[in-house]
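[1] Just the structure for this:
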Amino acid sequence: ATKQKQLRLLGNPWLNRSSPGQQQQQQQQRSQDSGRSAGQGQYKIVQFNRGNQTTLSVTADPQGQYTLQRSKEAAPSQDPAASSKRRSSGQSSAIALLDTQQLLWPFRRLKKTLQATFLPAGYPTSVGDNYLQYTLWQAVTNFATTANGVLASTFLLYSVGLGAGAIPTAGALNWVLKDGLGQMGTLLFGKAIAHNFDIYSKTWYFMSFALLSTATGLEIATILVPQWFLVMGSIANMIKGLSWMAGGSTRSVFNLSFVRDNNIADITAKNTSQYIFASLFGTAAGVSCCAYIGQSAPLALACFSALAWTSMYSAYRTVKAIPLPTLNSTRLQLLAARYLKCIRTNSTGMVGFSGYMSYQQQPGYLSYQQEYDVPDEEDDTCEMQLPSPLELAELDPPMPWVTADRRIFNPAIHVGTPLEKLVDEYPSMLVVLLNTFRYTRYLLVPERNAIHMVLHAEAQPRDMVQGYLQACILRKCLKTGVVLSPDNLPELRIVLHDTLLASENLTPPFMRALARQGWQTGKIVVEAHRRRARW
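    Numbering: from 1, shown residues only. This next block holds a predicted model:
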């Protein structure tokens, strides 16, 4: 009854079950309302859809009959300045704007069609930062690799006798054999390296195109030595299989990093559409190259080199555009170095170089708890200086052991080193390690050229973060000239204990800073081989 009363107040005649006298009063009231302003008694709703807006308005006549009106037009800009400017413009400007919109309508329609075909629904709010840049560079890579693939397939056919007029039976058999042997090799090598894809996803994505270019070069070279067709074709097919395995596996990681609206399936589907579109143009370009160069090996080499360079450069730019929020060994070291540099500067006044830590201190033992003093809870200076995933993407090297800054990554940090190799000749050092790290879930063994980390079987992400903080402090210690060797166990024990206390104090604020900047600290993968221990 209450709901019907509310609906009657809205003037709905189908639910108005009043008495005849009340109906006459309401009719008089509607007659009075009809003389009011046209804005009263109207209901309007505007729905936005891909740059357009549909307006539905309902008006009531004096007899209480409703009329629905529809209008569809381009959605206005959300810029307040632009909206104010539109409101202040005259009727002539409105007419000119209408003419311009009519002229630009085909282009807007084309833009919407392309966006609906190649970009996820709701773009750009439904995907992460740098998605368009990542997509464009990936399209260039797919174009170049497809064109090179057409060139390689053509020269493989020339090698088995296509140029002679017909492919003999032996050539067809060799073609089948090289596919089968190549697939067997892919399975064997995939078993050995697939566990690295999660840790170094950017590295293996970049390496997948290097492998694909190598395989393409081998296939083209078969025309020079056709008697080695089976061997070279099988090796090339195996390398291509590894390339597809690495590229497809790591691409799924990238797609997941761009998800913002639970739309991983949509992003993956649009990724496939983008690949098909780029491959179509790549196929056309490859066919044109083959028609021009014929069976000329020098021209084929020149065409292959240009396309291979294009694919490698675009793959490099693709990797640089991906803001992965997950933490691996490389990103942890970059973030820990930046954070420790800020803490050390605030504590001692010493300033680093290139935005990272300074290693120009005089040799000798230091109190690391004083050098890396824990900031106050109100002081968020170092938290704000920690880069976000988008800011770190450009600094994250695709091949850390080749292109990384040696001032940051040297000495290297190795996780999962067999402990027996480290303490085989120094049993007393194992006693020092177990006493120092008795209540932690990792061990650190510093050497002159490397720092080895052994994780406990129950180690959690927090333990890994603390271990990397301590390893980075030890790295600075080694760079200043301090010798940490089993021959001087007292000094080794003191340095390990002092750096352990410093890293324990710094871990909570560092974890808060990581979470604040958008890093995922719930799952950290830093070990290719799971060689953990219990103590």
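[2] Can you mark which positions in the strand or helix carrying Leu280 are buried?
    In this assignment (DSSP states H and E), Leu280 forms part of helix 264-293. By 16 or more other Cβ atoms under 10 Å, the buried positions in helix 264-293 come out as 266-267, 270-271, 274-275, 277-279, 282, 285-286, 289-290, 293. All C-beta spots, glycine's among them, are computed from the backbone N, C-alpha and C.
[3] Next: stretch 496-509.
    Buried-residue list, stretch 496-509, by 16+ other Cβ under 10 Å: Leu496, Asp498, Thr499, Leu500, Ala502, Ser503, Glu504, Asn505, Leu506, Thr507, Pro509.
[4] okay if I get those residues as CSV plus pLDDT and secondary structure?
    Formatted as CSV, the buried residues of stretch 496-509 follow (pLDDT from 0 to 100; DSSP: H, G, I helix; E, B strand; the rest coil):
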residue, pLDDT, secondary structure
Leu496, 92, helix
Asp498, 90, helix
Thr499, 91, helix
Leu500, 93, helix
Ala502, 90, helix
Ser503, 92, helix
Glu504, 92, helix
Asn505, 90, helix
Leu506, 91, helix
Thr507, 93, helix
Pro509, 90, helix
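[5] Between its first and last residues, how far does stretch 516-524 reach?
    Across stretch 516-524, the terminal residues are separated by 17 Å (Cα to Cα, to the nearest Å).
[6] Next, Thr222: phi, psi?
    The phi and psi values for Thr222, taken as degrees, to the nearest 10, are phi -60, psi -20.
[7] any idea how far it is from Tyr66?
    Distance of Thr222 to Tyr66, given as Cβ to Cβ, to the nearest Å: 77 Å.
[8] for Gly233, same thing?
    Gly233 is 75 Å from Tyr66, by Cβ to Cβ.
[9] Met399 too?
    68 Å.
[10] the more surrounded of these two?
    With neighbours defined as other Cβ atoms under 10 Å, Met399 and Tyr66 compare such that Met399 has more, 16 against 13.
[11] What is the burial count for the closest residue to that one other than its chain neighbours?
    Leaving aside its sequence neighbours, Met399 sits nearest to Thr203 (Cβ to Cβ, 6 or more residues apart in numbering; 5.7 Å). If you count neighbours by other Cβ under 10 Å, Thr203 ends up with 23.
[12] tally of neighbours for Ala315?
    Counted with other Cβ under 10 Å, the neighbours of Ala315 add up to 27.
[13] And what about it, helix, strand or coil?
    Here Ala315 is recorded as helix under DSSP: H, G, I helix; E, B strand; the rest coil.
[14] now swap in Lys72 and tell me
    Assigned by three-state DSSP, the conformation of Lys72 is strand.
[15] Show the contacting residues for it.
    The neighbours of Lys72, taking Cβ atoms under 8 Å, 6 or more residues apart in numbering as the test, are Asn52, Gln53, Thr54, Thr55.
[16] Please report the distance of it from Gln53.
    Counting by Cβ to Cβ - Lys72 and Gln53 are separated by 7 Å.
[17] likewise Pro387?
    Separation of Pro387 from Gln53 (Cβ to Cβ): 39 Å.
[18] With Met384 instead?
    40 Å.
[19] again, but for Pro124
    Using Cβ to Cβ, we find Pro124 at a distance of 19 Å from Gln53.
[20] ok, back up a step: surely the residue nearest to Met399 is in contact with Pro398?
    Yes - applying Cβ atoms under 8 Å as the test, Thr203 and Pro398 come out as touching, 5.6 Å apart.
[21] And the pLDDT for Leu501?
    In the predicted model, Leu501 carries a pLDDT score of 91.
[22] quick one: average pLDDT of the helix holding Leu280?
    93.
[23] quick one: the strands in this protein?
    42-49, 52-60, 66-74, 412-415, 442-446, 450-455 (DSSP state E).
[24] Out of those, which is closest to Thr135?
    Set against Thr135 and scored by Cβ to Cβ, the strands of the chain come closest in strand 42-49, at 23.0 Å.
[25] helices or strands next to the closest one in the packing?
    Packing partners of strand 42-49 (3 or more Cβ pairs under 8 Å, 6 or more residues apart in numbering; DSSP states H and E): strand 52-60.
[26] Compute the inter-axis angle for the strand it packs on and strand 66-74.
    Angle between the axes of strand 52-60 and strand 66-74 is 160 degrees (criterion: axes from the mean of the first three to the mean of the last three Cα atoms, to 10 degrees).
[27] how far does strand 52-60 sit from the chain's center?
    A distance of 42 Å separates the centroid of the chain from that of strand 52-60, by Cα atoms, centre = their mean, to the nearest Å.
[28] heads up, I number from 32, so please use that
    Will do, 32 is the new start, and the previous item becomes strand 83-91.
[29] Okay, now the sheet partners of it, with direction.
    Its sheet considered, strand 83-91 pairs with strand 73-80 (antiparallel), strand 97-105 (antiparallel) by DSSP bridges.
[30] Thr448: which of these is closest?
    Once these are compared by Cβ to Cβ, strand 73-80 is nearest, at 57.5 Å.
[31] Contacts for the closest one next, please.
    So strand 73-80 is contacted by Gln84, Thr85, Thr86, Leu87, Ser88, Val89, Thr90, Ala106 (Cβ under 8 Å, 6+ apart).
[32] one more time with 10 Å
    Contacts of strand 73-80 from elsewhere in the structure, counted by Cβ atoms under 10 Å, 6 or more residues apart in numbering, are 41, 84-91, 97, 99-100, 102-103, 106-107, 143.
[33] How far away from the center of its chain is it?
    With Cα atoms, centre = their mean as the basis, strand 73-80 stands 38 Å off its chain's centre.
[34] swap in stretch 176-184?
    That offset, for stretch 176-184, works out to 27 Å (Cα atoms, centre = their mean).
[35] and it, C-alpha only, in CSV?
    What follows is stretch 176-184, C-alpha atoms only, in CSV (Å, rounded to 0.1, in the frame of the first residue of the first chain):
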residue,chain,number,x,y,z
THR,A,176,58.8,-12.4,-37.8
THR,A,177,56.0,-13.5,-40.1
ALA,A,178,57.6,-12.0,-43.1
ASN,A,179,60.9,-13.8,-42.2
GLY,A,180,59.0,-17.0,-41.8
VAL,A,181,57.5,-16.8,-45.3
LEU,A,182,61.0,-16.2,-46.6
ALA,A,183,62.5,-19.2,-44.7
SER,A,184,59.7,-21.5,-45.8
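[36] one step back: joint contacts of Thr234 and Pro429?
    Listed contacts common to Thr234 and Pro429 are Val350, Thr361; contacts here mean Cβ under 10 Å, 6+ apart.
[37] Stretch 464-474 spans what distance, first to last residue?
    Span of stretch 464-474 from end to end, Cα to Cα: 7 Å.
[38] So for that stretch, what gets flagged as buried?
    Applying 16+ other Cβ under 10 Å to stretch 464-474 flags Leu464, Thr467, Phe468, Thr471, Arg472, Tyr473, Leu474 as buried.
[39] Tell me which entries of those lie within helices.
    Cross-referencing the buried residues of stretch 464-474 against helices under DSSP state H gives Leu464, Thr467.
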